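S.K.: The following block contains a protein sequence and its predicted model.
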Amino acid sequence: MKYSIKKQFAGVLGILMIGTIILCWFINNTFLEDYYIKNKQNVLMNTYSYMNAASNEDIIGTEEFDIEFQKICGRNNISYILLDAETQTLKTSTDDRDRLSRKLLNNLFDQVNYDNIRILEKGDSYEIRITLDDRTKTEYMEMWGVLDNGNLFLFLNPMESIKESVKIANRFLAYVGVLAAVLGVVVGLWVSGKIAKPIMELTKISERMIHLDFNAKYSGNSKTEIALLGHNINELSYTLEKTISELKTANNELQRDIEKKNEIDEMRKEFLSNVSHELKTPIALIQGYAEGLKEGINDDAESKDFYCDVIIDEASKMNILVKKLLTLNHLESGNDTVAMERFDIVSLIKNYIQSSEILTRQKEISVRMEDYEPIYVWADEFKTEEVFMNYFSNAINYVANEKIIDVKLIKLGNTVRISVFNTGNPIPEECLDHIWEKFYKVDKARTREYGGSGIGLSIVKAIMESMGQEYGVRNYDNGVEFWYELDMA
């Protein structure tokens with residue numbers, strides 16, 4: 001690849017290492033000598049402080065002091081001499097005491113060549129400076145002065161050639177730097193290769209995903225961010241596959257919905273045709289019998305009463321059909337208000353059954369209902385009665401065989417289920433999902449016989465959904481049960 005991350009990573013690592021080495025070389029060249037001098041200066045100051053404190057405590061002549069002081073001087077390569085006020089030697093670390101004594105006295109009486117001296121620090125009773133020995137041409141850092149008890153002291157600390165040390169250090173750093181840079185590039189290539197390998201694997205997986213191939217999965221088991229990315233891509237692959245599957249399913253469902261809509265349109269057309277037929281007949285009868293009355297075809301009272309009864313009956317059928325259509329339209333438009341109130345559902349059902357007693361007796365139907373205690377529910381009382389009326393009317397119209405209608409109320413937690421069962425033929429299984437649809441008729445001939453419009457159960461569905469309650473139907477071997485639920489709490 002032209003812009004390989006492997007090469008970029010190795011290049012960045014190599015440049016970073018070379019830059020670090022150059023920075024170290026610059027710092028060595030610029031600050032190492034000053035740091036070295038400052039460090040030696042601090043060592044001399046600490047040695048002076050220790051000796052001055054010992055002289056103040058008058059322990060400078062003890063063996064313990066000698067042992068500890070020798071350790072300090074030996075560890076830091078310090079030569080020293082201590083003179084009393086009469087310039088007599090009290091302590092020294094070298095056999096060449098005369099030279100050190102003479103050097104100390106020369107400093108004391110200011111008999112030195114300042115061309116070879118660089119003063120670093122000067123206090124009230126001491127002075128630290130760098131001097132060049134005329135005889136050995138060696139640089140020393142020396143500290144001399146007067147202790148608090150009046151004794152004179154001189155410390156000498158030979159200084160190695162800082163510049164030579166810096167050259168050696170920089171040369172060594174250059175050798176190490178070149179080797180480190182080469183190793184860094186090699187290691188960088190190896191590490192970047194390890195990093196780039198799973199990235200290339202992810203690239204191939206993503207390329208296959210572009211072509212909707214979701215079988216490839218990342219198999220790395222490390223704990224790095226790349227492994228996390230790989231696992232996320234696996235999840236993405238799974239999610240995309242699932243989503244595409246759901247989209248295909250939704251597309252199929254949409255196709256079925258379109259087909260279903262077409263079916264409903266056909267049903268609507270059929271319904272309009274049926275309504276036209278239903279209205280055509282009563283309108284023709286009303287018109288015919290009305291014209292007969294007007295023309296006085298039969299003048300006897302019995303014939304007139306018959307004509308009037310026919311006109312009233314047909315007008316009533318038309319009125320019921322129009323009212324149901326208006327009710328359904330009002331419910332589905334969402335303009336209807338649900339008036340929630342608390343009432344006794346047992347009393348409502350008993351009153352309706354009692355009002356229908358004449359009709360059930362005429363058809364020799366046996367209505368069964370236990371003597372329930374009052375059950376109070378929260379619902380729209382008028383709409384609840386409309387639901388029960390539709391269920392009970394259907395039961396009357398379709399009851400057969402033993403001609404039994406069984407009404408039950410069953411408490412289910414905070415709800416009560418009201419069911420209306422009638423003996424007769426079960427509803428065909430293929431029709432169960434459609435009976436709640438508008439304009440749907442299971443037995444068109446039977447529906448036309450009793451004057452049904454095929455929208456009663458659609459009204460039930462709209463009412464129950466407006467109250468947010470459950471409803472349904474269940475087939476039995478000897479009949480059909482319709483049910484709905486209401487809240488008691």
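M.R.: Structure received.
S.K.: Could you export stretch 423-436 as PDB, keeping only the C-alpha atoms?
M.R.: Output of stretch 423-436 as PDB, limited to C-alpha atoms (Å, rounded to 0.1, in the frame of the first residue of the first chain):
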ATOM      1  CA  THR A 423     -74.300 -22.500  20.500                       C
ATOM      2  CA  GLY A 424     -74.000 -23.000  16.800                       C
ATOM      3  CA  ASN A 425     -71.400 -23.400  14.000                       C
ATOM      4  CA  PRO A 426     -67.900 -22.100  14.800                       C
ATOM      5  CA  ILE A 427     -66.400 -19.300  12.700                       C
ATOM      6  CA  PRO A 428     -64.100 -20.700  10.000                       C
ATOM      7  CA  GLU A 429     -60.500 -20.400  11.100                       C
ATOM      8  CA  GLU A 430     -59.500 -18.400   8.000                       C
ATOM      9  CA  CYS A 431     -62.100 -15.800   8.900                       C
ATOM     10  CA  LEU A 432     -61.100 -15.200  12.600                       C
ATOM     11  CA  ASP A 433     -58.500 -12.500  11.700                       C
ATOM     12  CA  HIS A 434     -60.900 -10.700   9.500                       C
ATOM     13  CA  ILE A 435     -64.100 -10.500  11.400                       C
ATOM     14  CA  TRP A 436     -63.100  -7.200  13.000                       C
END
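S.K.: and it, how far from the chain's centre?
M.R.: 46 Å (Cα atoms, centre = their mean, to the nearest Å).
S.K.: buried sites along that stretch?
M.R.: Judged by neighbour count using 16 or more other Cβ atoms under 10 Å, the buried positions of stretch 423-436 are Thr423, Gly424, Pro426, Ile427, Leu432, His434, Ile435, Trp436. Yep, even glycine has a C-beta here, placed from its N, CA and C like the rest.
S.K.: go on, stretch 415-422?
M.R.: Val416, Arg417, Ile418, Ser419, Val420, Phe421, Asn422.
S.K.: quick one, phi psi at the last one?
M.R.: In this case it means Asn422. When read as degrees, to the nearest 10, the backbone of Asn422 gives phi -130, psi 140.
S.K.: Tell me the secondary structure at the residue nearest to it when sequence neighbours are not counted.
M.R.: Distances taken as Cβ to Cβ, 6 or more residues apart in numbering put Ala395 closest to Asn422, at 3.8 Å, once the chain neighbours are dropped. Secondary structure state of Ala395, per DSSP: H, G, I helix; E, B strand; the rest coil, is helix.
S.K.: Give me the helices and strands touching the helix or strand encompassing Tyr140, please.
M.R.: Assigned by DSSP states H and E, Tyr140 belongs to strand 139-146. When contacts are defined as 3 or more Cβ pairs under 8 Å, 6 or more residues apart in numbering; DSSP states H and E, strand 139-146 sits against helix 5-56, helix 97-108, strand 126-132, strand 152-158.
S.K.: can we see that at 10 Å?
M.R.: Strand 139-146 sits against helix 5-56, strand 79-83, helix 97-108, strand 117-122, strand 126-132, strand 152-158, with contacts defined as 3 or more Cβ pairs under 10 Å, 6 or more residues apart in numbering; DSSP states H and E.
S.K.: chain center to it, what's the gap?
M.R.: Centre to centre, stretch against its chain (Cα atoms, centre = their mean), the figure for strand 139-146 is 72 Å.
S.K.: now for the helices and strands packed on strand 139-146, which one comes closest to Thr384?
M.R.: Proximity to Thr384 (Cβ to Cβ) singles out helix 5-56 among these, at 71.4 Å.
S.K.: any idea which helix or strand comes after that closest one?
M.R.: Elements were assigned by DSSP H and E; along the chain past helix 5-56, the next helix or strand is helix 63-76.
S.K.: Quick one: mean pLDDT over that following helix.
M.R.: On average, the pLDDT along helix 63-76 is 89.
S.K.: can you state the direction angle for it and strand 79-83?
M.R.: 140 degrees (axes from the mean of the first three to the mean of the last three Cα atoms, to 10 degrees).
S.K.: Return the set of buried residues in helix 63-76.
M.R.: Within helix 63-76, the residues scored as buried using 16+ other Cβ under 10 Å are Phe65, Phe69, Cys73.
S.K.: could you pull out the strands for the stretch 201-350 of the chain?
M.R.: Per DSSP state E, counting those that start in this stretch, the stretch 201-350 of the chain carries strands over the ranges 341-344.
S.K.: Which residue ranges of it form helices?
M.R.: For the stretch 201-350 of the chain, helices defined by DSSP state H, counting those that start in this stretch occupy the ranges 225-295, 301-332, 345-355.
S.K.: which residues touch the residue lying farthest from the centre of the chain?
M.R.: Most distant from the centre of the chain: Glu86, at 88.7 Å, with distances by Cα atoms, centre = their mean. By Cβ atoms under 10 Å, 6 or more residues apart in numbering, the contact list for Glu86 is empty.
S.K.: Quick check: the gap between it and Tyr140.
M.R.: Using Cβ to Cβ, to the nearest Å, Glu86 is found at 26 Å from Tyr140.
S.K.: Could you do Ala53 as well?
M.R.: In this view, Ala53 and Tyr140 are 25 Å apart by Cβ to Cβ.
S.K.: now what about stretch 104-120, what contacts it?
M.R.: Stretch 104-120 has contacts (Cβ under 10 Å, 6+ apart) with 37-38, 40-41, 44, 80-83, 87, 89, 102-103, 127-134, 137, 139, 141-146, 152-154, 156.
S.K.: Mind giving me the ChimeraX select for those, buried ones only?
M.R.: In ChimeraX syntax, the buried subset of those is picked out as below (16+ other Cβ under 10 Å):
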select :37,40,41,44,80,81,82,83,103,127,128,129,130,131,139,141,142,143,144,145,146,152,153,154,156
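S.K.: ok, back up a step: hey, C-alpha coordinates of the strand holding Tyr140 in CSV?
M.R.: What follows is strand 139-146, C-alpha atoms only, in CSV (Å, rounded to 0.1, in the frame of the first residue of the first chain):
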residue,chain,number,x,y,z
GLU,A,139,42.3,22.3,37.6
TYR,A,140,41.1,22.1,41.2
MET,A,141,38.1,23.4,42.9
GLU,A,142,39.2,24.7,46.3
MET,A,143,37.5,26.1,49.3
TRP,A,144,39.3,27.9,52.0
GLY,A,145,38.4,30.1,54.9
VAL,A,146,38.2,30.4,58.7
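S.K.: Quick one: mean pLDDT for it?
M.R.: Per-region confidence: strand 139-146 scores 90 on mean pLDDT.
S.K.: what do you get for stretch 37-53?
M.R.: Averaged across stretch 37-53, the pLDDT comes to 90.
S.K.: how about the helices of the stretch 351-489 of the chain, start to end?
M.R.: Using DSSP H, counting those that start in this stretch, helices in the stretch 351-489 of the chain cover 357-362, 381-398, 444-450, 456-466.
S.K.: Can you list the buried residues in the shortest one?
M.R.: Going by neighbour count (16+ other Cβ under 10 Å), the buried part of helix 357-362 is Thr360.
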